[in-house]
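> Just to be clear, the model below is a prediction. Sequence and coordinates:
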Amino acid sequence: MHGRTLRVGDMAKAKTDDAADAEQGAAAGMAQVPPVDSTLGYEQARDELIEVVRSLEAGGTTLEESLALWERGEALAKVCRRWLDGARARLDAALAESSDEAGAERA
């Protein structure tokens, strides 16, 4: 730091620049893996998620490719979770309705 004083604002800007560089690097890696179609069925998303996990476990990919696969896996997991949450809600509603009908018959 020859003759230059590092100010807090300079450090904040450097951190912001580093974050932007990281985002650009991640975005470049995402170009290699297509985005997840949110209308995928549960089985399709699950099967693709299994393949993503296998690819990550096998290794042999660059850091950028691994990050892109990880992000795709996260998106696929969200699709699966949404399907499972919906199924759970339907089951809960059916069980509640069945319970209400059984209670009404006893009365």
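It's in.
> Poorly predicted segments of this protein, please.
Low-confidence segments of the chain, defined by pLDDT under 70: 1-33, 107.
> Show me what the longest helix seen in it is packed up against.
Of all the segments assigned as helix in the chain under DSSP state H, the longest by residue count is helix 63-106. With contacts defined as 3 or more CB pairs under 8 Å, 6 or more residues apart in numbering; DSSP states H and E, the packing partners of helix 63-106 are helix 8-30, helix 42-58. Using the backbone N, CA and C atoms, a C-beta is placed for each residue, glycine as well.
> how many neighbours does the closest residue to residue 48 other than its chain neighbours have?
Sequence neighbours aside, residue 76 is the residue nearest to residue 48 in space, at 5.6 Å (criterion: CB to CB, 6 or more residues apart in numbering). Using other CB atoms under 10 Å, residue 76 has 23 neighbouring residues.
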